[in-house]
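Undergrad: From the sequence below, what's the structure:
(2 chains)
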There are 2 protein chains.
Amino acid sequence: MVQATSLPRNEAGIKTVLGILKQRFGGQFHTGQAICEQHGHTTTYIENQAPDAVVFPRSVAEVCEIIKTCAAHKVPVIPYGTGTSLEGHVNAPAGGISVDVTEMNQILAVNASDLDCVVQPGVTREDLNTYLRDQGLFFPIDPGANASLGGMTATRASGTNAVRYGTMKDNVIALQVVMPDGEVIRTAQRARKSSAGYDLTRLMVGSEGTLGLITEITLRLQGIPEAISAASCSFPSVDAACRAVMTTIQYGVPVARIELLDETCVKAVNAYSKLSLPETPLLLLEFHGSDAGVKEQAETFGGIAEEFGGEKFVMTTSTEERNAMWKARHDLYWAVMQIRPGCKGIATDVCVPISRLAECVTAAQDKAAELGLLSPVVGHVGDGNFHCTPLVDMEDKAEVARADEFIGWLNDLAISMDGTCTGEHGIGQGKRPYLQKELGPATKVMAAIKMALDPEGIMNPGKIL
Amino acid sequence: MVQATSLPRNEAGIKTVLGILKQRFGGQFHTGQAICEQHGHTTTYIENQAPDAVVFPRSVAEVCEIIKTCAAHKVPVIPYGTGTSLEGHVNAPAGGISVDVTEMNQILAVNASDLDCVVQPGVTREDLNTYLRDQGLFFPIDPGANASLGGMTATRASGTNAVRYGTMKDNVIALQVVMPDGEVIRTAQRARKSSAGYDLTRLMVGSEGTLGLITEITLRLQGIPEAISAASCSFPSVDAACRAVMTTIQYGVPVARIELLDETCVKAVNAYSKLSLPETPLLLLEFHGSDAGVKEQAETFGGIAEEFGGEKFVMTTSTEERNAMWKARHDLYWAVMQIRPGCKGIATDVCVPISRLAECVTAAQDKAAELGLLSPVVGHVGDGNFHCTPLVDMEDKAEVARADEFIGWLNDLAISMDGTCTGEHGIGQGKRPYLQKELGPATKVMAAIKMALDPEGIMNPGKIL
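TA: Model (predicted):
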């Protein structure tokens, strides 16, 4: 595990708050070591910093009570969804109270005519999509994990569909938020667009629980397309695959998903999912539209792929075949873990302008090889976003140090290419130094906003800034 | 003219700053009455509040100098683009310096492979599109006026294409901003998406010059579609037209434009543009895609329109016919002015969830009639956004009062329908009371951010809050 910095603890305040919350919340309040560690420990590679207690509110009124209590005694509040974030977002470096929104899991309204819905933060994206299915609607953002919509909002999540449908910033219409002083605000109305004042919705999206706790989310929905087709195509090199992606985007093909797997990933997928794909870089695609439209899109892509040496182009409109393909993609994390059992996969996340993508991915592969790291690459390449996942023996200090060097080098490279140190995972604890490198003076403005809205620094301390 | 509140003037500071800027900026600095009034007076219905001087910086360094000088002496800075805003955004209620960015009009980079560009704030949208045309690219946001891109960013503009391409919030990738203390920040890198810290880009988009002055804008571009088709269709009622729009959106037809004109507008257009459209509510549409795609989209719409009693459905792929149609739409403001010469058109702007659109438009028409106002309606109806433009004899105090009553009533109605008091025009001076009604407690958070970033309140005082 990678060490995380601890922050000073307000022992007296914490003791008082534990007493008050225990009294008030009874069975919704827990201080057991296992549950506390589970709420600090997540899919992150960063060491566990458990909160002092976990509380499960059932309403916005209960969230207000918790935050007001913590504010009165200057005790940290750490919002918790499903714990699938990757950069130590739910750690408690100064202790405090983890506020788990699992029980705030109601779908409050589906406005089919307006293509929107209102949900509580504990609803997961799969729950929502299951609920919506028979109304012919879906919520497109798919970060892989079955994350809570509150957490996805707080980390500005995106994933495989973002190339067509955008990220959480594009799909959240309005929020209800409990602010650090316990006041409840609504950031916007339900209208599809607005110029009414500062865009607090977008300020809260991606604020990682450091400016308030999200208690209600109004989301944009999409109609399930009339037709969906999927395609896969193998390429002689990452460079060729990236160039095919760039051309496809430039042609304006409204591709819904376009994912890159490098050779190592393809080998892992073949082994894990019992497939026999050519073991060269692979693109997986999905197209949404009318029957004629998805056929046309796939054919246009097929033509482009050919230009760049694409081979084994396969197109399907069969739901079964498509699901099998995306199942293999979603299982990739587990497939990759099987290559080197017992190791930890440290999922990094950078995003560069698409014109620099081939160069960046290739350089990352070379650097990993130079450092003797096994580091498969998978990417939401339509956005220029990709993940290297060095598989690291966490007991081997020298290897951990090399992985650390690699991640630092990759973030610096992406930033030097006018890219970002995080396309979708967020800053949390792990990426704080890179945020400073990336945006420098702008981080002072972020700090001024944090200070204005949370002067005591109780909301998720030690994250982002 | 409608009166605007004046704010206390810092006479000593203003005098000092005028002296310093005159010395430093020579021919770029003006204090003539005409130019000052022209910089306060805009297309707004609100009375003119002229700045004390106008300065034309040519670089970000010059903007820094101006803002640092004003900050040192606590003198207001009013950013100015083309002055086409509608709610008194460029008025100077406490005097101060209008900073006109007209001479910062360079297109700094076009990254065709990344579908983005970097521009200075004085570049207008038409200039940009002219420049881009031979690269097969375009910038889609079209608010009607040939506004500056800095101004469009500052007011979170949108317009006819927003239903497909979103608003400025969706199309600005990054900004360079001179903050109220004269520090320069960059809000993001050029990558297409990012989760790196608070979304300062979106905070600045729509902040109306109250948090800083935008000196560089990185914009998302689109490839010019392979094919464009346009269509028009007449409907028996506003209700029928709105229902056709709602169904079209629900079907997932990726319509690029879908504009509503009510009977009064159609009559005005017929007279002004020498057309002979049926004088009933009219929808104008545009479709972007492949040859087959735009045909399919238009046909799908045609089928939907028929269901709702649509008549005289005309579809064209001729560029000339399409341009003539949109020219008539763009000339609508002038056409409408001809109905009642000598009157002022007070363009209002509300946006509601699309399921409430028919009800809201119809109620607005009834209310205007009840108040004896001539108030044509035009709408970007795919977003639920529409404008009533009461034609008012500004000399007739009773009529002005009735128009004022109408506007207040309409804003309240939109807010009561979970809509907003402004879909795209912004708050400026004119909509401040409605912002309070719409977002209540959230405006306190906005005020805290304003106070944190601009503690002396020098940036565009008297706007938004």
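Undergrad: What's the separation between the nearest residue in space to residue A:31 that is not next to it in sequence and residue A:180?
TA: Excluding the flanking residues, the one nearest residue A:31 by CB to CB, 6 or more residues apart in numbering or on different chains is residue A:53, at 4.7 Å. For every residue, glycine as well, the C-beta is placed using N, CA and C. Distance, residue A:53 to residue A:180, using CB to CB, to the nearest Å: 19 Å.
Undergrad: In a strand, residue A:283, correct?
TA: Yes. If the criterion is DSSP: H, G, I helix; E, B strand; the rest coil, then residue A:283 is within a strand.
Undergrad: Enumerate every residue touching it.
TA: A:232-233, A:235, A:241, A:244-245, A:258-261, A:305, A:310, A:381 (CB atoms under 8 Å, 6 or more residues apart in numbering or on different chains).
Undergrad: can you tell me how far it sits from chain B?
TA: 18 Å (CB to the nearest CB, to the nearest Å).
Undergrad: For beta bridges, what are the partners of that residue?
TA: Per DSSP bridges, the residues bridged to residue A:283 are residue A:233, residue A:260.
Undergrad: returning to what we had before: Serialize the contacts of residue A:283 to CSV and add fields for neighbour count and pLDDT.
TA: CSV is the format used below for the contacts of residue A:283 (neighbours: other CB atoms under 10 Å in any protein chain shown; pLDDT from 0 to 100):
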residue, neighbour count, pLDDT
A:232, 23, 95
A:233, 25, 97
A:235, 24, 98
A:241, 30, 97
A:244, 24, 96
A:245, 30, 95
A:258, 26, 96
A:259, 25, 96
A:260, 24, 97
A:261, 29, 97
A:305, 26, 97
A:310, 23, 97
A:381, 26, 95
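Undergrad: What parts of the stretch 201-350 of chain A come near chain B?
TA: Contact residues (CB under 8 Å from any CB of the partner chain) of the stretch 201-350 of chain A with chain B: A:202-203, A:205-207, A:211, A:222-223, A:225-226, A:246, A:249-252, A:254, A:290, A:292-293, A:296, A:300, A:349.
Undergrad: rerun at 10 Å
TA: A:201-208, A:210-212, A:218, A:222-226, A:243, A:246-247, A:249-254, A:288-293, A:295-297, A:300, A:349-350 (CB under 10 Å from any CB of the partner chain).
Undergrad: taking those residues one by one, which sit in strands?
TA: A:218, A:222-223, A:288-289, A:350 (DSSP state E).
Undergrad: any idea which of the residues you listed is closest to chain B?
TA: Nearest to chain B among those, counting by CB to the nearest CB, is residue A:223 at 4.3 Å.
Undergrad: How about the closest one: what's its closest non-neighbour residue?
TA: Among residues not flanking residue A:223 along the chain, residue B:252 sits closest, at 4.3 Å (CB to CB, 6+ apart).
Undergrad: What is the neighbour count of the one you found?
TA: A count of neighbours around residue B:252, defined by other CB atoms under 10 Å in any protein chain shown, yields 18.
Undergrad: how about it, phi and psi?
TA: The phi and psi values for residue B:252, taken as degrees, to the nearest 10, are phi 80, psi 20.
Undergrad: could you list every residue that touches it?
TA: Residue B:252 makes contact with A:115, A:136, A:222-226, A:288-290, B:300 under the criterion CB atoms under 10 Å, 6 or more residues apart in numbering or on different chains.
Undergrad: Any of the residues you listed buried? List them.
TA: Neighbour counting over the contacts of residue B:252 (16 or more other CB atoms under 10 Å in any protein chain shown) leaves A:115, A:222-223, A:225, A:288-290, B:300 as the buried ones.
Undergrad: what two of the residues you listed have the greatest distance between them?
TA: Farthest-apart pair in the buried ones among the contacts of residue B:252 is A:115 and A:290; separation 17.9 Å (CB to CB).
Undergrad: Can you read off the pLDDT for the residue nearest the centre of chain A?
TA: For chain A, the residue nearest the mean C-alpha position is residue A:157 (3.8 Å; CA atoms, centre = their mean). The per-residue pLDDT reported for residue A:157 equals 97.
Undergrad: can you check residue A:456 too?
TA: Here the pLDDT value assigned to residue A:456 is 97.
Undergrad: Please apply the same query to residue A:331.
TA: Note for residue A:331: predicted pLDDT of 89.
Undergrad: try the one 3 residues further on
TA: Residue A:334 carries a pLDDT score of 88 in this model.
Undergrad: Okay, it and residue B:43: tell me how far apart.
TA: In terms of CB to CB, residue A:334 sits 60 Å off from residue B:43.
Undergrad: before we move on, what SS does residue A:132 have?
TA: What three-state DSSP gives for residue A:132 is helix.
Undergrad: Now for the residue lying closest to it once chain neighbours are set aside, how many residues are close by?
TA: Closest residue to residue A:132 in three dimensions, ignoring its sequence neighbours and counting by CB to CB, 6+ apart: residue A:138, at 5.7 Å. When neighbours are counted by other CB under 10 Å, residue A:138 registers 18.
Undergrad: Which single residue in the stretch 1-150 of chain A comes nearest to chain B?
TA: For the stretch 1-150 of chain A, CB to the nearest CB, closest residue to chain B: residue A:113, 3.8 Å.
Undergrad: Correct me if wrong: that residue contacts residue B:352.
TA: No. With contact defined as CB atoms under 10 Å, residue A:113 does not reach residue B:352; the gap is 11.8 Å.
Undergrad: Give me the more crowded residue out of these two.
TA: residue B:352 (29 against 16).
Undergrad: Once you drop chain neighbours, what's closest to that one?
TA: Closest residue to residue B:352 apart from its sequence neighbours, by CB to CB, 6+ apart: residue B:419 at 3.2 Å.
Undergrad: contacting residues around that neighbour?
TA: Contacts of residue B:419 by CB under 10 Å, 6+ apart are A:189-192, A:194, A:196, B:350-353, B:356-357, B:360, B:384-385, B:411, B:413, B:438.
Undergrad: quick one, what contacts residue A:253?
TA: A:164, A:247, A:285, A:287, A:296-301, A:304, A:382, B:223, B:290.
Undergrad: Can you show me the helices along the stretch 201-350 of chain A?
TA: A:238-250, A:263-273, A:291-307, A:319-330, A:332-337 (DSSP state H, counting those that start in this stretch).
Undergrad: Tell me the one of the contacts of residue A:253 nearest residue B:326?
TA: Nearest to residue B:326 among those, with distances taken as CB to CB, is residue B:223, at 19.8 Å.
Undergrad: That closest one touches residue B:137, doesn't it?
TA: Yes. Residue B:223 is within contact range of residue B:137, at 6.2 Å (criterion: CB under 10 Å).
Undergrad: what residues are shared contacts of these two?
TA: Residues within reach of residue B:223 and of residue B:137 at once, by CB under 10 Å, 6+ apart, are A:250, B:112, B:115.
Undergrad: Share the number of residues neighbouring the first one, please.
TA: Other residues within reach of residue A:250 by the criterion other CB under 10 Å amount to 17.
Undergrad: What are the neighbouring residues in contact with it?
TA: By CB under 10 Å, 6+ apart, the contact list for residue A:250 reads A:304, A:354, B:112-115, B:136-137, B:223.
Undergrad: switch to 6 Å and redo it
TA: For residue A:250, the contact set (CB atoms under 6 Å, 6 or more residues apart in numbering or on different chains) comprises residue B:223.
Undergrad: again, but for the last one
TA: Applying CB under 6 Å, 6+ apart, one finds that residue B:115 lies in contact with residue B:221.
Undergrad: Isn't residue A:259 up against residue A:286?
TA: No. Taking contacts as CB atoms under 6 Å, residue A:259 lies outside contact range of residue A:286: 8.8 Å.
Undergrad: Show the average pLDDT along stretch A:206-217.
TA: Mean predicted lDDT for stretch A:206-217 stands at 98.
Undergrad: Fine by me, we can end here.
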